[in-house]
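> here is my input; please provide its structure:
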Amino acid sequence: MATDFRQGNRNWLLHARYVRGEHALCLDLADELLSQTNNTHRFSHFVKGSILADAGRLQEAVEKFHSCIRLHPHDPEPLKQVAKCLFRQGRFQLSLEAYLEANKITKYPDPEIFCALAECYSKLGDVQQGVAWARAGVQAGGGERAGALLASLLHATRDTSAALAAIDHVLSQVACGADTLASAGVLFLRAGEPRRAFQLLGEALAQQPAQHAAALALAAMMLQHRDVDAALARLKAALSAHPTCVAAHVNLGLALMNKKKYVAALTCLQRAAVSAPLSARASHALGLALLVCRRPASAFCRLAAAAAIRPDRPLTVLLIGIALERLGDSRADAAYIRAAALAPDDPLIRLNLAGRYARVGKLREALEEARATALLLQREPDSQLASSLATLMSSLQQAGVNLEQPAAEVQVKDALSSVPDDELAPDEV
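From the prediction side, this is the model:
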């Protein structure tokens with residue numbers, strides 16, 4: 001009995017030392033058990049693999065878990081740990097294969113495997129398969145993780161109603177943590193239900209005041225309602241918990257710019273752009289701030305970087321056109337036209353294009369774009385854009401354009417030079 005206790009029945013002590021974080025003592029005990037059993041003590045290999053995985057030494061951890069698999073090929077736990085390590089390494093196809101193999105040898109439905117398979121398929125671009133496995137995880141009793149994952153994947157497939165139903169089911173069945181509440185709040189916010197979103201985000205922050213996703217979403221809602229001071233407080237709280245959060249720096253910079261604190265805003269946005277040089281949003285926001293501060297050359301550099309990362313964003317292309325125009329560059333026309341081609345139903349972009357045509361004397365094109373903007377504003381009224389459009393129409397009329405005349409028959413005159421430049425200045429987007 002004493003021999004059995006020393007060699008095989010000290011697993012409890014090994015486990016206790018591991019969960020208490022006594023990794024040095026745990027490794028010493030594991031080495032002792034392995035030397036006593038001629039390297040056949042499976043749990044020692046498993047615990048050593050877990051410690052190596054926690055330390056980020058993933059390949060060494062995989063080798064230890066493979067030792068467990070060789071000693072007992074029908075145990076799914078080491079295979080699941082191998083799959084986790086492969087997933088953390090970004091080797092999603094190999095991780096998927098390992099999870100599928102673990103699912104084959106598991107005697108009972110394992111929601112952890114199902115959720116992991118859903119994540120693997122999502123990473124590999126097969127979202128529909130991911131949804132199927134996430135549903136299986138929910139049915140197998142996966143609880144909070146499975147439900148939140150299913151809602152996220154359904155939202156990725158643009159099935160918003162199903163995603164909201166899935167997250168509602170989870171919230172009603174399980175006491176969810178702050179991360180899930182924050183994700184649910186963001187989902188409801190994107191679905192156009194701000195009241196429910198505000199409630200969930202508030203619950204997330206009540207559970208975990210440092211939950212930065214909830215703080216960022218609440219700050220965005222406050223900025224939409226022009227409550228800049230409250231938004232600044234939320235953003236500062238998010239940054240105190242996560243000082244390197246790029247989104248928080250960007251939003252804080254935009255909020256400071258709203259309060260006309262331009263130096264502080266530029267500092268925040270510069271920090272965000274340096275921290276995330278491949279973030280199109282950070283570069284776009286910094287370019288916008290530089291444009292507002294009348295530094296078009298620097299703005300153009302930042303906006304060009306943002307457009308190189310995300311060439312399909314029409315507002316970035318529009319800002320490039322404004323910067324080029326302020327620099328007196330003839331390529332501004334191409335940028336304005338490209339922005340309108342990317343978003344033909346955006347009245348702001350069409351209005352800016354009309355203003356550009358008017359400023360360069362293309363009255364026929366300006367009238368055509370102004371009329372197109374008027375039609376778009378009839379569908380989605382916007383008082384600020386309507387006021388700008390009225391100013392543009394008045395300027396065109398002063399330039400000698402008959403607003404009732406078809407655009408194709410407008411005669412181009414040189415009367416536009418008599419109109420003050422500030423009446424047709426490009427909008428600050």
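> strands of the chain, residue ranges please.
With DSSP state E, there are no strands along the chain.
> mind showing which ranges of it have poor pLDDT?
For the chain, residues meeting the criterion pLDDT under 70 lie at 1-9, 401-429.
> how does it divide up, domain by domain?
Following automatic domain parsing, one finds the domains of the chain at 1-107, 244-330, 344-429.
> how far does stretch 94-110 sit from the chain's center?
Using CA atoms, centre = their mean, to the nearest Å, we find the averaged C-alpha position of stretch 94-110 to lie 30 Å away from the chain's own average C-alpha position.
> list the buried residues for it?
Residues of stretch 94-110 classed as buried: 94, 95, 96, 98, 99, 101, 102, 103, 106, 110 (neighbour count, 16 or more other CB atoms under 10 Å). Heads up, the C-betas are built off the backbone N, CA and C, glycines and all.
> next one: stretch 351-364
For stretch 351-364, burial by neighbour count (16+ other CB under 10 Å) applies to 351, 352, 353, 354, 355, 356, 357, 358, 359, 362, 363, 364.
> what is the nearest of these to residue 54?
For residue 54, the nearest member of the buried residues of stretch 351-364 is residue 352. The distance, counting by CB to CB, is 53.7 Å.
> isn't the closest one right next to residue 319, touching?
No: distance between residue 352 and residue 319: 9.7 Å, which falls outside the contact criterion (CB atoms under 8 Å).
> list the contacts for the residue nearest the centre of the chain?
With distances taken as CA atoms, centre = their mean, the residue of the chain nearest its centroid is residue 247 (8.7 Å). With contact taken as CB atoms under 8 Å, 6 or more residues apart in numbering, residue 247 is in contact with 216, 281.
> of the domains of the chain, flag the one that's most buried.
Per-stretch averages of neighbours, counted by mean count of other CB atoms under 10 Å, single out domain 244-330 among the domains of the chain, with a mean of 20.
> measure that domain end to end?
With CA to CA, to the nearest Å as the measure, the ends of domain 244-330 fall 39 Å from one another.
> how far out from the middle of the chain is that domain?
For domain 244-330, the gap between its own C-alpha mean and the chain's C-alpha mean amounts to 18 Å (CA atoms, centre = their mean).
> likewise for stretch 94-112?
30 Å.
> with stretch 189-202 instead?
For stretch 189-202 - counting by CA atoms, centre = their mean - the centre lies 17 Å from the chain centre.
> cool, stretch 131-149 as well?
Centroid separation for stretch 131-149 versus its chain: 22 Å, with CA atoms, centre = their mean.
> with stretch 164-183 instead?
20 Å.
> try stretch 361-372
A distance of 38 Å separates the C-alpha centroid of stretch 361-372 from that of its chain, computed with CA atoms, centre = their mean.
> ok, stretch 33-41 next?
Relative to the centre of its chain, stretch 33-41 is centred 48 Å away, using CA atoms, centre = their mean.
> repeat that for stretch 186-203.
Between the centre of stretch 186-203 and the centre of its host chain there is 16 Å, according to CA atoms, centre = their mean.
> same check, this time on stretch 234-248
Offset of stretch 234-248 from its chain centre (CA atoms, centre = their mean): 15 Å.
> got it, and stretch 125-142?
On CA atoms, centre = their mean, the centre of stretch 125-142 falls 22 Å from the chain's centre.
> surely residue 162 touches residue 152?
No: counting by CB under 8 Å, residue 152 is not a contact partner of residue 162; they are 11.7 Å apart.
> who has more neighbours out of the two?
More neighbours surround residue 152 than the other of residue 162 and residue 152, with 22 against 16 (other CB atoms under 10 Å).
> helices of the stretch 301-429 of the chain, start to end?
Defined through DSSP state H, counting those that start in this stretch, the helices belonging to the stretch 301-429 of the chain, from first to last, are 314-326, 332-342, 347-359, 363-379, 383-398.
> return the distance of the fourth one from the chain's centre.
Relative to its chain's centre, helix 363-379 lies at 34 Å (CA atoms, centre = their mean).
> got the angle between that helix and helix 383-398?
Taking axes from the mean of the first three to the mean of the last three CA atoms, to 10 degrees, one finds that helix 363-379 is oriented at 150 degrees with respect to helix 383-398.
> now could you export just the CA positions of helix 363-379 as PDB?
Written as PDB, here are the backbone C-alpha positions of helix 363-379 (Å, rounded to 0.1, in the frame of the first residue of the first chain):
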ATOM      1  CA  LEU A 363     -21.700  74.000 -62.800                       C
ATOM      2  CA  ARG A 364     -23.600  71.300 -64.800                       C
ATOM      3  CA  GLU A 365     -22.100  68.500 -62.700                       C
ATOM      4  CA  ALA A 366     -22.500  70.500 -59.500                       C
ATOM      5  CA  LEU A 367     -26.300  70.900 -60.100                       C
ATOM      6  CA  GLU A 368     -26.700  67.200 -61.000                       C
ATOM      7  CA  GLU A 369     -24.900  66.100 -57.800                       C
ATOM      8  CA  ALA A 370     -26.900  68.700 -55.700                       C
ATOM      9  CA  ARG A 371     -30.200  67.300 -57.100                       C
ATOM     10  CA  ALA A 372     -29.000  63.700 -56.300                       C
ATOM     11  CA  THR A 373     -28.200  64.800 -52.800                       C
ATOM     12  CA  ALA A 374     -31.700  66.400 -52.400                       C
ATOM     13  CA  LEU A 375     -33.300  63.100 -53.400                       C
ATOM     14  CA  LEU A 376     -31.200  61.200 -50.900                       C
ATOM     15  CA  LEU A 377     -32.100  63.600 -48.100                       C
ATOM     16  CA  GLN A 378     -35.800  63.100 -48.900                       C
ATOM     17  CA  ARG A 379     -35.400  59.400 -48.000                       C
END
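> other SSEs contacting it?
Secondary-structure packing of helix 363-379 (3 or more CB pairs under 8 Å, 6 or more residues apart in numbering; DSSP states H and E): helix 347-359, helix 383-398.
> please convert those to JSON lines, extending it with distance to residue 120.
As requested, the helices and strands packed on helix 363-379 are arranged in JSON lines below (distance: least, CB to CB, whole Å):
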{"stretch": "helix 347-359", "distance to residue 120": "40"}
{"stretch": "helix 383-398", "distance to residue 120": "46"}
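> for residue 288, find the nearest of those.
Per CB to CB, nearest to residue 288 of the helices and strands packed on helix 363-379: helix 347-359, 13.4 Å.
> which secondary structure elements does the closest one sit against?
Identification of packing neighbours for helix 347-359 by 3+ CB pairs under 8 Å, 6+ apart yields helix 314-326, helix 332-342, helix 363-379, helix 383-398.
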